[in-house]
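Colleague: 3D, please:
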Amino acid sequence: HFGSKNNNTNKKLLLSWFADVPADVVVSKSNSTTGCFSIHNMVACGMKYDKLPGEWYGPTTSCHVIRDLVHLLRRNGTSSIFRVVVAQEGAVYRDAIDHAMTQEQQQLETTTSRNFCKDQKIVIQQQQTQSIHDPLLNPLEDETINLEWDCSLLLLIPLRLGLKSFHESYSKSLVSTFSFPQSVGILGGSPRHALWFYGAGKTTLYGLDPHTVQPALLLISSIQQQDEHYFLKQQQSCCCPNPTEMDVKRIDPSLALGFYCKDRHDFNELCKSFQALTTKTTLN
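Modeller: Residues are numbered from 1 along each chain as shown. I've put the predicted structure just below:
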């Protein structure tokens with residue numbers, strides 16, 4: 001997401017977001033971003049969805065927790081980070097995405113319009129007879145399509161591709177999504193074993209297992225005070241040394257797709273990829 005991949009300051013800032021700091025320390029400091037994605041915050045956020053500490057987080061709950069924590073990060077001063085949208089019932093609606101991604105622009109236009117009316121001393125009288133808009137024959141024009149996006153988008157799509165086990169008919173389509181430029185992988189795994197899949201072969205998914213116990217680092221709040229040794233140790237603690245692979249037929253049917261779109265054009269290209277995939281699947 002950061003522009004300069006070789007900028008160690010940005011890397012240190014990014015890693016500091018995942019420092020394991022108790023949730024009350026983070027929440028009590030309105031301008032703090034350190035430890036925003038800590039295990040403590042994830043557990044505290046999960047309680048909103050009736051998940052007690054130690055209980056299993058499915059892909060859908062995980063997506064909502066990620067969305068809420070990114071919102072917390074934006075609220076605490078990192079407004080340049082992407083916004084997270086979680087698709088409902090496996091469906092992505094363009095108008096809903098545009099509305100979510102232009103919130104700041106909508107607010108700015110509303111404020112500007114109110115100020116204009118106030119400065120010009122215009123009195124707006126409510127019309128006694130309001131026109132009726134038929135959603136099919138005469139739909140209201142969506143003005144958000146003309147607004148620039150506020151930031152980039154992380155689109156998360158929770159799905160269930162089978163009842164008790166993964167249905168093989170979805171295999172080719174699922175593997176194909178890794179070829180999309182916007183794909184950031186799949187949150188899933190096998191039953192009771194969560195994995196993040198980052199790539200795929202013809203019938204094989206390649207993933208990373210985050211369940212690696214490592215010693216916690218002492219938190220150094222000031223990025224400037226973090227020496228190179230501390231930085232390297234911090235990087236190592238966020239890396240998985242043992243990639244794993246799994247036959248696509250063995251994965252749990254409950255999973256979540258992830259896509260990163262830097263702007264509206266990128267999102268439109270993602271939609272075209274989905275449409276092409278749908279057409280190809282239908283023909284086959």
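Colleague: Point out where the chain drops to low pLDDT.
Modeller: Along the chain, segments meeting pLDDT under 70 span 1-7, 22-32, 109-145, 215-226, 283-284.
Colleague: need the helices for the stretch 51-200 of the chain, in chain order.
Modeller: 59-75, 94-101, 103-119, 171-176 (DSSP state H, counting those that start in this stretch).
Colleague: Nearest to Cys238 among those helices would be which one?
Modeller: Ranking these by proximity to Cys238 (C-beta to C-beta) places helix 59-75 first, at 16.0 Å. From N, CA and C alone the C-beta is placed, and that goes for glycine too.
Colleague: Show me what that closest one is packed against.
Modeller: Helix 59-75 sits against helix 39-46, strand 83-86, strand 153-160, strand 183-190, strand 254-261, with contacts defined as 3 or more C-beta pairs under 8 Å, 6 or more residues apart in numbering; DSSP states H and E.
Colleague: Nearest to Asp227 among the ones you listed would be which one?
Modeller: Using C-beta to C-beta, the nearest of the helices and strands packed on helix 59-75 to Asp227 is helix 39-46, at 25.0 Å.
Colleague: Could I get the full set of strands for the stretch 101-250 of the chain?
Modeller: 153-160, 183-190, 193-200, 204-208, 244-247 (DSSP state E, counting those that start in this stretch).
Colleague: Now render those as TSV, adding distance to Tyr93 and mean neighbour count.
Modeller: Below are the strands of the stretch 101-250 of the chain laid out as TSV (distance: least, C-beta to C-beta, whole Å; neighbours: other C-beta atoms under 10 Å):
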stretch	distance to Tyr93	mean neighbour count
strand 153-160	11	20
strand 183-190	20	21
strand 193-200	26	19
strand 204-208	28	19
strand 244-247	32	14
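Colleague: can you tell me which of those comes nearest to Ile97?
Modeller: Distances from Ile97 to each of the strands of the stretch 101-250 of the chain were compared by C-beta to C-beta, and the smallest falls on strand 153-160, at 7.1 Å.
Colleague: So which residues make contact with that closest one?
Modeller: 59-60, 63, 66-67, 70, 82-87, 90, 92, 97, 101, 182, 184, 187, 253-262, 267, 270 (C-beta atoms under 8 Å, 6 or more residues apart in numbering).
Colleague: which of those residues are buried?
Modeller: Buried by 16 or more other C-beta atoms under 10 Å: 59-60, 63, 66-67, 70, 82-87, 92, 97, 101, 182, 184, 187, 253-261, 267, 270, out of those.
Colleague: Identify the residues contacting the longest helix along the chain?
Modeller: Ranked by residue count and defined by DSSP state H, the top helix of the chain is helix 264-283. Helix 264-283 has contacts (C-beta under 8 Å, 6+ apart) with 92, 94, 97-98, 101, 148-149, 153, 155, 172-173, 176-177, 180-182, 259, 261.
Colleague: What residues sit buried inside it?
Modeller: Buried residues in helix 264-283 (16+ other C-beta under 10 Å): Arg264, Asp266, Phe267, Leu270, Ser273, Leu277.
Colleague: Which of the helices and strands packed on helix 59-75 sits closest to Thr212?
Modeller: helix 39-46 (13.3 Å).
Colleague: Which strand residues bridge Ile186?
Modeller: Phe197, Leu257 (DSSP bridges).
Colleague: Next: the one 4 residues further on.
Modeller: Ser190 forms beta bridges with His193, as assigned by DSSP bridges.
Colleague: so what's the residue nearest to Glu168 when sequence neighbours are not counted up against?
Modeller: Among residues not flanking Glu168 along the chain, Lys249 sits closest, at 5.9 Å (C-beta to C-beta, 6 or more residues apart in numbering). Lys249 sits next to Phe166, Glu168, Ser171, Thr203 when contact means C-beta under 8 Å, 6+ apart.
Colleague: let's see it at 10 Å
Modeller: Ser165, Phe166, His167, Glu168, Ser171, Thr203 (C-beta atoms under 10 Å, 6 or more residues apart in numbering).
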